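J.: How does the following fold in three dimensions:
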Amino acid sequence: MISVGSMGSATLFIRCARSVAHLKSVHCLATSSIPSTSILPSPLLCFAKAVSTKAGSTNLLLRNDDESTGVTTLTLNNPKKYNVLSWEMLDTLQNQLDDISTNSSIRVLVVGATGKAFSSGHDLNEIHSHQNIEETTELFKKCSQFMISLNKLPQPVIAKVQGLATAAGCQLVASCDLAIGSSESRFGVSGINLGMFCSTPAVALSRVIQRKQAMHMLLTGELITAEKAQAYGLLNTVVPPNLLESEAVKLAEQIASKSNFGIRLGKNMFYEQLKYENLDDAYDFATERIACNLQHPDAKHGIDDFVNKKNK
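T.: Numbers count the residues shown, from 1 in each chain. Presented below is the predicted three-dimensional model:
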């Protein structure tokens, strides 16, 4: 491990550029292609569209791009089937994440749903009709890849939970960076009630709440309230149903107003540093990232403005 203090400025610059290659900042941090805080379209531009799916099917997913704020919303739109994470829904969601990940003008992603359920998880009818182990394995690999993509997405992801979130639906909430829920929302990993331990949801759940709380949910299959989900750490905030939309928008726009470069670097840094078991290594990694961050115009301008204002 090479500490920042032992590196020359040129070496640090090169390592800094490499460390944020996922941000597609290319060539030089001082001329990064990622828009700074001030670069946003001036007119109010907001585009809503139904995401195309297979011929003859309903629009399982809705997408809204607000170019005035940089906030994009994906809305699960299969309320009659409780927004199940079917093969088609997972493919559609993955395609949208792949597109969003390459768009530097999108600053924050919000994931919501229509109807009474946020998502009830996998489509059990679909699972019942594909019972061989090869097809089952492929389905859960597809779902796992989607959850991993949420974590690796450069933009912060906010879950906006209006109703029931169970099994892989609860996993989806746990896989988002932040989550805001209606006081009417409920959460559970209830596969055990059908003889199936929620193994893949357990991966996400055990990484955001305490182990004994996670095990209690997984072993009993019980639903928990929004208030308990917040106490456990699954939700950041609980609000009345009529305030869910406005509070989610407020949170998304607050984050979107910050340095795009800093937010993207910070999200990646946060999850990467958790992988280090040794505290010294984690601090070495974090030191390298913050030194890199300070070379970007957003940080330079922010510090200049603060210092100049303080000295007036």
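J.: most remote residue from the protein's center?
T.: Going by C-alpha atoms, centre = their mean, the residue of the chain most distant from its centre is residue 312, 40.6 Å out.
J.: Flag the shaky bits of the stretch 51-200 of the chain, pLDDT-wise.
T.: Judged by pLDDT under 70, the stretch 51-200 of the chain has its weakly predicted residues at 51-58.
J.: same thing but 50
T.: 54-57 (pLDDT under 50).
J.: now the helices for it?
T.: For the stretch 51-200 of the chain, the helices defined by DSSP state H, counting those that start in this stretch occupy 87-101, 124-129, 133-152, 168-175, 199-205.
J.: Show me what the second one is packed up against.
T.: Right, the one you point to is helix 124-129. Judged by 3 or more C-beta pairs under 8 Å, 6 or more residues apart in numbering; DSSP states H and E, helix 124-129 is in contact with helix 133-152. (Each C-beta comes from the backbone N, C-alpha and C, glycine too.)
J.: Name the surrounding residues that touch the helix it packs on.
T.: Applying C-beta atoms under 8 Å, 6 or more residues apart in numbering, the contact partners of helix 133-152 are 22, 85, 87, 90-91, 93-94, 97-98, 101, 122, 126-127, 130, 157, 168, 171-172, 175-176, 200, 203-204, 271.
J.: which stretches of the stretch 151-300 of the chain form strands?
T.: Applying DSSP state E, counting those that start in this stretch to the stretch 151-300 of the chain gives strands spanning 157-161, 164-166, 178-182, 186-188, 224-225, 237-239.
J.: what's the closest of those strands to residue 282?
T.: strand 178-182 (22.2 Å; C-beta to C-beta).
J.: Adjacent strands (with direction) for that closest one?
T.: Sheet partners assigned to strand 178-182 using DSSP bridges are listed as strand 157-161 (parallel), strand 237-239 (parallel).
J.: which residues are in contact with the first one?
T.: Contacts of strand 157-161 from elsewhere in the structure, counted by C-beta under 8 Å, 6+ apart, are 73, 108-113, 118, 150, 172-173, 175-182, 185, 226, 235, 244-245, 248, 251-252.
J.: residue boundaries of the helices in the stretch 201-312 of the chain?
T.: Secondary structure of the stretch 201-312 of the chain (DSSP H, counting those that start in this stretch): helices at 211-220, 226-232, 244-256, 260-273, 279-293, 297-311.
J.: and the direction of the fifth one versus that of helix 297-311, what angle?
T.: Spelled out, it's helix 279-293. Angle, helix 279-293 to helix 297-311, by axes from the mean of the first three to the mean of the last three C-alpha atoms, to 10 degrees: 80 degrees.
J.: so what secondary structure elements neighbour helix 279-293?
T.: Judged by 3+ C-beta pairs under 8 Å, 6+ apart, helix 279-293 is in contact with helix 9-19, helix 260-273.
J.: Worst mean pLDDT among these?
T.: Of all the helices and strands packed on helix 279-293, the minimum mean pLDDT falls on helix 9-19 (a mean of 48).
J.: Need the distance between the two termini of stretch 75-92.
T.: Stretch 75-92 has its terminal residues 11 Å apart, counting by C-alpha to C-alpha, to the nearest Å.
J.: picking up where we left off before, adding distance to residue 162 and mean neighbour count, write the helices of the stretch 201-312 of the chain out as a markdown table.
T.: Shown next, in a markdown table, are the helices of the stretch 201-312 of the chain (distance: least, C-beta to C-beta, whole Å; neighbours: other C-beta atoms under 10 Å):
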| stretch | distance to residue 162 | mean neighbour count |
| --- | --- | --- |
| helix 211-220 | 20 | 16 |
| helix 226-232 | 10 | 18 |
| helix 244-256 | 6 | 18 |
| helix 260-273 | 25 | 19 |
| helix 279-293 | 35 | 16 |
| helix 297-311 | 34 | 12 |
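J.: Including distance to residue 141, could those helices go into a markdown table?
T.: Listed next are these as a markdown table, based on distance: least, C-beta to C-beta, whole Å:
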| stretch | distance to residue 141 |
| --- | --- |
| helix 211-220 | 21 |
| helix 226-232 | 27 |
| helix 244-256 | 30 |
| helix 260-273 | 21 |
| helix 279-293 | 29 |
| helix 297-311 | 38 |
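J.: out of these, which comes closest to residue 164?
T.: Proximity to residue 164, assessed across the helices of the stretch 201-312 of the chain by C-beta to C-beta, is greatest for helix 226-232 (10.9 Å).
J.: Packing partners of that closest one?
T.: Using 3+ C-beta pairs under 8 Å, 6+ apart as the contact test, the elements touching helix 226-232 are strand 178-182, strand 186-188, strand 237-239.
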